[in-house]
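Colleague: Turn this into a model:
(2 chains)
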Amino acid sequence: MTSSKLMKPEEAVDLIEDGMSITVSGITFSRNPMMLVSYIIKSGKKDLYFIDREPGFALDVLVASGAVNRIRASMVTFELYGLAPSVRRFVEEGKVEFIEDTCGAFVAGLRAGAQGIPFMPVRGVLGSDLVKLHERLGTWKVMKDPFTNEEILAVRAIRPDVAIIHVNYSDEYGNAVIEGPRYEDELKVRAAKKVIITAEKIVPTDYIRKYECPLSATAIHVSAVVWASKGAWPTAMHNCYEADYSAIESYYNEAKKGNAISWIERNLLSRW
Amino acid sequence: MVSQIKPRPTDYMIKCMAELINDGDIVYHGLASQIPVLSMILAREALGKDFIWLSVTEAYMPLPETIRSYPSSGDPFSEKFGVGIVPTYDVFDLAAQGRIDLMFFGAAQVDENGNTNLSVIGRYDKPKVRLPGGAATAYLFPLVKRIVVWARHDKRTLVRRVDFVTGQGWLRIKKGLELLLCTNKGLIEYTDKGPILKAVFEYEDVKDVIENASMKINTSNKLYYLRAPNEKEMKIIQYHDPLGLRYKLGYG
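Modeller: Model prediction:
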């Protein structure tokens, strides 16, 4: 085994530089790596390019804090509550660029990134106005299937600079286990150039060995491991705790009134 | 003891969409889909439909009696005791092979060609409203066998042309793939002759339903009336959504 990668959150955040592309684990209100997001905000990082399929809470607080200037996502939503308040405001005010993706194509891009190939063909998508947008940006291209001549979409590989993945448990080397829904987080681990694991529990390697747990990430992929008990709060963590919807709703209401920063200071930055 | 609740338009929508699920279907629901989730429950629990339940929660075939409406329809605690986890990208792969039968999609705008918009109101690069984004809409619209869009029935939503084509309904119509629109007034089917009003909620006036849209809607000569969920069905809906979250979505 390699050497221990266990570090403090402020040390792990140093792996992220201004202007880098980042992706995070989970979806809207589930398994967001909120402790590390909080440290990103504290560190004053800026001009981050946030890449994810269906983000919600983590993205909105990063945008509200001025850490993000570009988003690539298929959907950003606060679901029952409405549109993601800060994302909506910053995009409409022209402060943040929004590149809308679509789920299957996004996953194809991550798969290409994980496999180390330049692009991945994908069905569907053609006929949507999203195609024109991405062709202009150079992220997608309509091509001919070399075998059948059928038109098909090619999605350029997605390789985020840093993936921040919250897991149920990990050893100190980054052999990590996600319980319950994994979404495309395992592809993010494999496509990203650096991976920060935040874990509810740090366990001995022998624990993982004993139970032959399927690994979502291994020491081969991971650059940093951070202990983050209740580190997804206020989003849900399968097998650990439910989402704190009263906190999410209070953030939503405050952010809509333009008070996101004070909510973040009171509830996130002071927590960790 | 669940007290009796009078059905509202949202409950009619839930029943309308439940009736569109067939035995043997493979059905998937996504985020912000509290109404389709309740339709899937009603189809299983009240209408006895035997179908495969897949969802953004990634719980495969969760036990229906344990399912509850949450502020996030992707909440891992909302659908419990599945047979196991099926990652969403497996569902996308099934769809690419043409093996997903039915999906439900929301829309901020729907037009005469069946196109949906969940991207922007106004210009893409200078939006008046930045909408959430279509999620899997653009990917799945050409791939899923039957699609049901749900949307508000008003002039701002049912438009002649969407501001941005997120979901390429025109391509579904060209390919002859089924595309239905369930609103909080009735059910519309897209054909190569445009949108056809198939059914209206039993208390609605057909003329009002047609006039409350900016898109041109023709009326089916076999138009029928959609009945309210009965008492048993309302109890099931209420049991799974005891807090009435479904009514917070603005469909009445």
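
Colleague: So which residues make contact with the longest helix anywhere in chain B?
Modeller: What stands out as the longest helix in chain B, according to DSSP state H, is helix B:34-45. Surrounding helix B:34-45, the residues in contact under the criterion C-beta atoms under 8 Å, 6 or more residues apart in numbering or on different chains are A:80, B:10, B:13-21, B:27, B:29, B:49-51, B:53, B:55, B:64-65, B:67, B:69-70, B:73, B:78, B:104, B:148, B:150, B:229, B:233, B:236-237, B:240-241, B:245-246, B:249, B:251. Glycine gets a C-beta too; all of them are placed from N, C-alpha and C.

Colleague: Next step: those residues restricted to helices.
Modeller: B:10, B:13-18, B:233, B:236-237, B:240.

Colleague: Please tell me how far residue B:38 sits from chain A.
Modeller: 13 Å (C-beta to the nearest C-beta, to the nearest Å).

Colleague: Tell me how far the residue nearest to that residue when sequence neighbours are not counted lies from residue B:201.
Modeller: Closest residue to residue B:38 apart from its sequence neighbours, by C-beta to C-beta, 6 or more residues apart in numbering or on different chains: residue B:14 at 4.7 Å. In this structure, residue B:14 lies at 12 Å from residue B:201, with C-beta to C-beta, to the nearest Å as the measure.

Colleague: Quick one: residues contacting residue A:117.
Modeller: Neighbours of residue A:117 in contact, by C-beta under 8 Å, 6+ apart: residue A:157.

Colleague: In terms of helices and strands, where is the closest residue in space to residue B:186 that isn't next to it in sequence?
Modeller: Setting aside the residues directly before and after it, residue B:186 is nearest to residue B:200 in space (C-beta to C-beta, 6+ apart), at 3.8 Å. Residue B:200 is part of strand B:194-201 when elements are defined by DSSP states H and E.

Colleague: ok, then the element right after that strand?
Modeller: helix B:206-211.

Colleague: Who are the packing partners of that next one?
Modeller: The helices and strands touching helix B:206-211, judged by 3 or more C-beta pairs under 8 Å, 6 or more residues apart in numbering or on different chains; DSSP states H and E, are strand B:194-201, strand B:218-226.

Colleague: So which bits of that helix are buried?
Modeller: Judged by neighbour count (16 or more other C-beta atoms under 10 Å in any protein chain shown), helix B:206-211 contains these buried residues: B:209-210.

Colleague: How about stretch A:60-80?
Modeller: Along stretch A:60-80, the positions that meet the burial threshold by neighbour count (16+ other C-beta under 10 Å) are A:60-69, A:71-80.

Colleague: First-to-last residue distance for that stretch?
Modeller: Length of stretch A:60-80, first residue to last, C-alpha to C-alpha, to the nearest Å: 15 Å.

Colleague: what do you get for stretch A:13-33?
Modeller: 12 Å.

Colleague: Report whether that stretch contacts chain B.
Modeller: Yes: using C-beta under 8 Å from any C-beta of the partner chain, stretch A:13-33 comes into contact with chain B via A:27-31.

Colleague: The residues you listed in strands, which ones?
Modeller: Taking DSSP state E as the definition of strands, those contribute nothing to them.

Colleague: Count residues in the vicinity of residue B:52, would you?
Modeller: A count of neighbours around residue B:52, defined by other C-beta atoms under 10 Å in any protein chain shown, yields 16.

Colleague: who touches it in this structure?
Modeller: For residue B:52, the contacting residues are B:25-27, B:61, by C-beta under 8 Å, 6+ apart.

Colleague: Just list the residues touching the nearest residue to residue B:247 once chain neighbours are set aside, thanks.
Modeller: Leaving aside its sequence neighbours, residue B:247 sits nearest to residue B:10 (C-beta to C-beta, 6+ apart; 5.7 Å). For residue B:10, the contact set (C-beta under 8 Å, 6+ apart) comprises B:35, B:184, B:246-247, B:249, B:251-252.

Colleague: Please pick the buried ones from the residues you listed.
Modeller: B:35, B:184, B:246-247, B:249, B:251.

Colleague: Just name the closest of these to residue A:154, please.
Modeller: Distance from residue A:154 was checked for each of the buried ones among the contacts of residue B:10 by C-beta to C-beta. The minimum falls on residue B:35, at 35.5 Å.

Colleague: Compare neighbour counts for residue B:14 and residue B:201 and give me the winner.
Modeller: For residue B:14 versus residue B:201, neighbours defined as other C-beta under 10 Å are more numerous around residue B:14 (32 against 23).

Colleague: hang on, isn't residue B:131 packed against residue A:87?
Modeller: No: counting by C-beta atoms under 8 Å, residue B:131 does not reach residue A:87; the two are 10.7 Å apart.

Colleague: the more surrounded of those two?
Modeller: Between residue B:131 and residue A:87, counting by other C-beta under 10 Å, residue A:87 is the more crowded of the two (29 against 23).

Colleague: Go ahead and confirm the more buried one touches residue A:62.
Modeller: No: under the criterion of C-beta under 8 Å, residue A:87 is not in contact with residue A:62, lying 9.4 Å apart.

Colleague: in the stretch 101-250 of chain B, which spans are strands?
Modeller: All strands of the stretch 101-250 of chain B, identified by DSSP state E, counting those that start in this stretch, fall at B:102-106, B:109-110, B:116-117, B:120-123, B:126-130, B:146-151, B:178-183, B:186-191, B:194-201, B:218-226.

Colleague: ugh, wrong one, the stretch 151-272 of chain A
Modeller: Taking DSSP E, counting those that start in this stretch to define them, one finds strands in the stretch 151-272 of chain A at A:151-156, A:162-170, A:176-177, A:194-202, A:224-227.

Colleague: now for those, which one comes closest to chain B?
Modeller: strand A:151-156 (9.3 Å; C-beta to the nearest C-beta).

Colleague: list residues touching both of residue A:87 and residue A:62?
Modeller: With contacts taken as C-beta under 8 Å, 6+ apart, not a single residue reaches both residue A:87 and residue A:62.

Colleague: Could you report the neighbour count for residue B:159?
Modeller: Using other C-beta under 10 Å, residue B:159 has 19 other residues around it.

Colleague: now do residue A:186
Modeller: Burial of residue A:186 is recorded as 22 neighbouring residues (other C-beta under 10 Å).

Colleague: leaving aside the residues next to it on the chain, what's closest to it?
Modeller: With sequence-adjacent residues excluded and distances taken as C-beta to C-beta, 6+ apart, residue A:186 is closest to residue A:216, at 5.1 Å.
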